[in-house]
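>>> Here is my input, please return the structure:
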Amino acid sequence: MEKGPFSVEWLAQSSRGGARPIAAARRPRCPPGGAGSQESPALRDREAAGGSSLGHEEEAGGSVVHGRPRTKFSAAQLQELERSFREQRYIGASEKRRLAAALNLSQSQIKTWFQNRRMKFKRQTQDAR
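All right, here's what the predicted structure looks like:
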């Protein structure tokens, strides 16, 4: 009988490599894409391509990567975002929609950029004191 995840026995086995990962222990034991599969088609495609639902480890660093890759903003996009930030540190919904359309970015990318820029501004002002 296999002990559940987080039992002392299971943790001892997992440190020796004898236990299945938690995600695999909870995954239904039916073939991928088979009848009764509750996984999304995108998840099945990602797993079939070698990825996993929990992210993947990079070969060199061993760090786990989640979600989409980091967005590389162009110089023109950064210039417009910085201009908008100088005018107003908190962006409204209509301005977010306008910037997203003008810069060919998603509204969540705009929102995240503003959050990160406010934190950068906060660090800069604290360091200046």
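
>>> Could you check how far A75 is from R117?
Counting by CB to CB, to the nearest Å, the gap between A75 and R117 amounts to 16 Å. Where you see a C-beta, it was placed from the backbone N, CA and C, and this is true even at glycine.

>>> hey, which helix or strand in this protein has the poorest pLDDT?
When each helix and strand of the chain is scored by mean pLDDT, DSSP states H and E, strand 56-57 comes last, with a mean of 43.

>>> between A75 and R117, who's got more neighbours?
Comparing A75 with R117 by other CB atoms under 10 Å, the one with more neighbours is R117, at 16 against 7.

>>> Do I have it right that that one meets L81?
Yes: using CB atoms under 8 Å, R117 is in contact with L81, at 7.4 Å.

>>> Now do the helices in this protein.
For the chain, helices defined by DSSP state H occupy the ranges 8-16, 22-26, 41-48, 75-87, 93-103, 107-128.

>>> Switch the ones you listed over to a markdown table; also include mean pLDDT.
Formatted as a markdown table, the helices of the chain follow (pLDDT from 0 to 100):
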| stretch | mean pLDDT |
| --- | --- |
| helix 8-16 | 65 |
| helix 22-26 | 49 |
| helix 41-48 | 51 |
| helix 75-87 | 97 |
| helix 93-103 | 97 |
| helix 107-128 | 96 |
